[in-house]
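S.K.: Fold the following.
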Amino acid sequence: MKYGFVGLGQMGKPMAINLGNSFEVIAYDQRPDVLPADARAKQAGTLHDLSQCTHVFLSLPSSKVLEIVLFDKENGLAGILQPGTVIVDTSTVEYNATVDIGNRLDAMGLRFLDAPVSGMQKRAEDGTLTMMIGGDAALARALDPVLRTMANKILYMGPRGAGQLTKLINQLLFDINMAALAEILPVSVKLGLNPEQVADVINSGTGRSYASEFFLPNILQGIFDQGYPMGHAYKDLISGAELGARHSIPLPVLGAATATYQRALLEGLGDQDKGAMVKVFESLLGVTFRKSGEGDNK
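M.R.: Next up, the predicted model:
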């Protein structure tokens with residue numbers, strides 16, 4: 001079997017490399033020469049080079065890009081791949097878009113799983129991601145040895161779209177957590193506390209979370225380019241708002257977190273990671289949550 005991989009960004013590149021360490025992989029990205037020279041996975045020149053793959057994995061930044069990659073009239077994968085080819089989408093995209101894409105691929109004789117991942121770049125490099133799968137359970141089980149080259153926790157969540165819904169729930173909690181940290185951390189400095197000591201207490205106490213463990217060391221050093229850019233990640237908050245509206249579910253805490261996120265985007269912080277939300281309240285209070293002598297590196 002030959003495996004294709006499309007999208008060699010922050011997450012896709014290490015995933016494709018890990019997959020290529022165990023299987024024959026040909027990968028594509030619109031940027032040339034993304035893969036390192038020693039990678040066993042080989043980079044394709046065009047999407048057409050993936051036409052004979054039996055399985056194709058996708059790691060793309062949005063449903064708009066996904067639509068183009070799959071359904072472009074001249075170069076879309078759906079028109080290039082052989083009937084019965086399995087497409088596994090590890091991107092994070094909207095639930096409704098996922099269901100629609102899966103239905104369209106069904107009509108074209110292609111098989112589809114939504115399988116978004118969680119864990120950020122370091123875990124993608126280590127092959128220790130969490131993968132949440134929606135779609136045909138038997139197909140997912142058959143792919144288990146392949147998926148485990150990229151993820152060490154694989155959860156079958158239900159029918160098509162269930163993987164994306166699960167990822168959304170996880171991401172919304174992550175976003176809320178970071179917005180809360182962004183609001184409260186500058187307060188501690190405003191009231192005279194030492195940022196390093198506060199961070200130490202949080203990450204060894206009950207305020208600890210994955211968001212605090214990942215972002216606090218970077219915030220203290222003024223580093224804001226180690227996570228997914230806020231401008232790209234904003235789609236999760238749009239999806240959360242849509243979920244609440246469609247199902248008449250009040251989401252007041254999410255709404256408050258979204259307002260902080262939006263303020264950060266309006267202040268031009270969209271190319272920085274979620275830790276940069278702290279700058280919204282730092283600016284408001286006239287303080288910075290940094291180690292002594294540290295400024296912003298990004």
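S.K.: which residue sits closest to E213, ignoring its sequence neighbours?
M.R.: Leaving aside its chain neighbours, E213 sits nearest to N203 (5.7 Å; criterion: C-beta to C-beta, 6 or more residues apart in numbering). For every residue, glycine as well, the C-beta is placed using N, CA and C.
S.K.: which residues does that neighbour contact?
M.R.: N203 is in contact with S212, E213, L216, counting by C-beta atoms under 8 Å, 6 or more residues apart in numbering.
S.K.: nearest to I101, of the residues you listed?
M.R.: Looking at those and their distance to I101, the nearest is E213, at 34.4 Å (C-beta to C-beta).
S.K.: That closest one: how many residues sit nearby?
M.R.: Residues near E213, counting by other C-beta atoms under 10 Å, number 12.
S.K.: So the residue nearest the centre of the chain, which state does it fall into?
M.R.: Of all residues in the chain, the one closest to the mean position by C-alpha atoms, centre = their mean is T92, 5.6 Å from it. Three-state call for T92 (DSSP: H, G, I helix; E, B strand; the rest coil): coil.
S.K.: What's the local residue count around the residue nearest to it when sequence neighbours are not counted?
M.R.: Nearest residue to T92, sequence neighbours excluded (C-beta to C-beta, 6+ apart): P116, at 5.0 Å. When neighbours are defined as other C-beta under 10 Å, P116 has 27 of them.
S.K.: In contact with P116, which residues are there?
M.R.: Listed by C-beta under 8 Å, 6+ apart, the contact set of P116 reads D89, T90, S91, T92, M131, M132, G163, Q164, T166, K167.
S.K.: Quick one: the helices in the stretch 51-200 of the chain, in order.
M.R.: 63-71, 77-80, 95-107, 120-126, 137-142, 144-147, 162-190, 195-204 (DSSP state H, counting those that start in this stretch).
S.K.: Look at the spatially closest residue to T85 that is not a sequence neighbour and report its pLDDT.
M.R.: Nearest residue to T85 in three dimensions, chain neighbours excluded: L110, at 5.5 Å (C-beta to C-beta, 6+ apart). Reading off the confidence values, L110 has pLDDT 98.
S.K.: quick check: longest strand of the protein.
M.R.: Secondary structure of the chain per DSSP state E: the longest strand is strand 151-158.
S.K.: Give the buried residues for that strand.
M.R.: Within strand 151-158, the residues scored as buried using 16 or more other C-beta atoms under 10 Å are A151, I154, Y156, M157.
S.K.: same question, stretch 131-146
M.R.: For stretch 131-146, by 16+ other C-beta under 10 Å, it's M131, M132, I133, G134, G135, D136, A140, L143, V146.
S.K.: can you check stretch 106-114 too?
M.R.: Judged by neighbour count (16+ other C-beta under 10 Å), stretch 106-114 contains these buried residues: L110, R111, F112, L113, D114.
S.K.: Contact partners for K167?
M.R.: Neighbours of K167 in contact, by C-beta under 8 Å, 6+ apart: T92, P116, V117, S118, M132.
S.K.: That one - nearest residue in space that isn't next to it in sequence?
M.R.: Here the residue nearest K167, using C-beta to C-beta, 6+ apart, is P116, at 3.9 Å.
S.K.: now do M11
M.R.: M11 sits nearest to A124 (C-beta to C-beta, 6+ apart), 4.9 Å away.
S.K.: I figured the one you found was touching A16, is that so?
M.R.: No - using C-beta atoms under 8 Å, A124 makes no contact with A16, being 9.8 Å away.
S.K.: between those two, which one's more packed in?
M.R.: Legend: neighbour count by other C-beta under 10 Å for A124 and A16, higher for A16 (32 against 24).
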